[in-house]
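Engineer: coordinates for the following, if possible.
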Amino acid sequence: NGNKPFNVNIQPYMETLSECNNYLNFCDVYIEPSGAEGFSWPGMVALCLDKHIVAHDCTGIKEWANSDNAVLFAPEGKVSALDGIFFHANTGFNSGNIFEWSEDSFLNALETVHKKWENNKTNKEEGKKAREKFTRSKFVDSILSII
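Structural biologist: As a prediction, the model looks like this:
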């Protein structure tokens, strides 16, 4: 009905990965507080672009974010994902629970990453490791090994 959903941040369409990278390069610190995001491709790419990361230590984010390359804050329980807009009961999908976190743990993570950023404006060493770990060829090899 022309209303912006309360829980969606709509970005303009980006035709190339270069445009996405340029968009992510506007930040100094990438914050990934989702309790339901899954892998969080933008967060992992931001790490590969040498950004400091604050990440909720849950879901697929754990595949790339760790205590060496990110400031992590732990989940502190779960809440229902049902919001009556995107998530509905008894549908077989788009239901379940989302990890939640405390405001104090999140604020502590932000303070910690700010200090790291003040000492070193980039996360270059950890970004390089991520770029070496998450390559296209390793991605394809992973898929082929499953098939």
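
Engineer: the longest helix anywhere in the chain packs against which elements?
Structural biologist: As assigned by DSSP state H, the longest helix anywhere in the chain is helix 103-119. In this structure, helix 103-119 makes packing contacts with strand 29-32, strand 52-56, strand 71-73, judged by 3 or more CB pairs under 8 Å, 6 or more residues apart in numbering; DSSP states H and E. (C-beta placed from N, C-alpha, C; glycine too.)

Engineer: who touches the helix or strand that that helix is followed by?
Structural biologist: Downstream of helix 103-119, the next assigned helix or strand under DSSP states H and E is helix 124-133. Applying CB atoms under 8 Å, 6 or more residues apart in numbering, the set of residues contacting helix 124-133 from outside is 44, 47-51, 64, 68-70.

Engineer: can I get helix 124-133 in CSV? Just the C-alpha atoms.
Structural biologist: Extracted in CSV, the C-alpha atoms of helix 124-133 (Å, rounded to 0.1, in the frame of the first residue of the first chain):
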residue,chain,number,x,y,z
LYS,A,124,43.5,-5.1,6.9
GLU,A,125,45.2,-8.2,8.3
GLU,A,126,41.9,-10.0,9.1
GLY,A,127,40.3,-8.8,5.8
LYS,A,128,43.2,-10.4,3.9
LYS,A,129,42.6,-13.7,5.7
ALA,A,130,38.9,-13.6,4.9
ARG,A,131,39.7,-12.8,1.2
GLU,A,132,42.0,-15.8,1.1
LYS,A,133,39.4,-18.1,2.8
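
Engineer: quick check: mean pLDDT of that helix?
Structural biologist: Averaged across helix 124-133, pLDDT comes to 96.

Engineer: and it, which residues are buried?
Structural biologist: Neighbour-count burial for helix 124-133, counted by 16 or more other CB atoms under 10 Å, picks out 126-127, 130.

Engineer: what's the helix or strand for Ile98?
Structural biologist: With DSSP H and E as the test, Ile98 turns up in strand 97-99.
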